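Student: Fold the following.
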Amino acid sequence: MIGWLFEAYPWIKSLHIVSMVAWMAGLLYLPRLYVYHSMAPVGSDKSETFKVMERRLQCGIMTPAMFATWLFGLLLAGIPGVVDWQRGWIWAKLALVIGLTIFHISLIRWRRVFSVDQNRHPTRFFRIINELPTLALIAIVVLVVVKPF
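Tutor: Numbering: from 1, shown residues only. Reported below is the predicted structural model:
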């Protein structure tokens, strides 16, 4: 049954990386859009344009890419010998991916608040949270490549 996974390994790994890159692009860009949106006057053309951009990014790219990242990651994890579950790095990576998923869900909630002109967060808040995915990305790459523990 899992024989096909061994044969598909390079394809699954490639699709996992492509999905992750698309997801990360959205996680890095959407909070930046929120920075600019928070500075736009409510009801302005700028604000309405940001609403469209945010929705398209979240619904058209980010969320499908997140699901694909999880799907291909779980498929990789299901291939015997690919992951040593006794090592700590994989658990730290999974914790960070779960954290990014929670961050993604938070971005969805904030987009919905922006869509009805109810944002109460200052621009500084979005500038700070904009840095979180970068820190998670750095940590995940180091964990996967170096496998420090």
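Student: Give the buried residues for the helix of greatest length in the chain.
Tutor: Criterion DSSP state H: the longest helix present in the chain is helix 3-39. Buried positions in helix 3-39, judged by neighbour count with 16 or more other CB atoms under 10 Å: 12-13, 15-16, 19-20, 22-24, 26-27, 29-31, 33-35, 37-38. (Glycine included, C-beta is placed from N, CA and C.)
Student: Would you state the helices of the protein in chain order?
Tutor: Using DSSP H, helices in the chain cover 3-39, 45-56, 63-77, 88-115, 123-129, 132-146.
Student: how about these in TSV, adding mean pLDDT?
Tutor: Listed next are the helices of the chain as TSV, based on pLDDT from 0 to 100:
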stretch	mean pLDDT
helix 3-39	96
helix 45-56	98
helix 63-77	97
helix 88-115	98
helix 123-129	97
helix 132-146	97
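Student: Setting the sequence-adjacent residues aside, check what's closest to residue 99.
Tutor: residue 136 (6.3 Å; CB to CB, 6 or more residues apart in numbering).
Student: For that neighbour, list the residues it contacts.
Tutor: 96, 99, 100, 103 (CB atoms under 8 Å, 6 or more residues apart in numbering).
Student: List the contacts of the first one.
Tutor: Neighbour list for residue 96: 136, 139, 140, 143 [criterion: CB under 8 Å, 6+ apart].
Student: and of these, the nearest to residue 86?
Tutor: residue 143 (15.0 Å; CB to CB).
Student: Count the residues that sit near the closest one.
Tutor: 21 (other CB atoms under 10 Å).
Student: Start at 703, not 1
Tutor: OK, 703 is where the count begins now, so the last one is residue 845.
Student: Surely it is in contact with residue 790?
Tutor: No - using CB atoms under 8 Å, residue 845 makes no contact with residue 790, being 9.0 Å away.
Student: okay, now the spatially closest residue to residue 846 that is not a sequence neighbour: neighbour count?
Tutor: In space, and not counting its chain neighbours, residue 846 is closest to residue 795: 6.3 Å by CB to CB, 6+ apart. Around residue 795 there are 20 other residues, counting by other CB under 10 Å.
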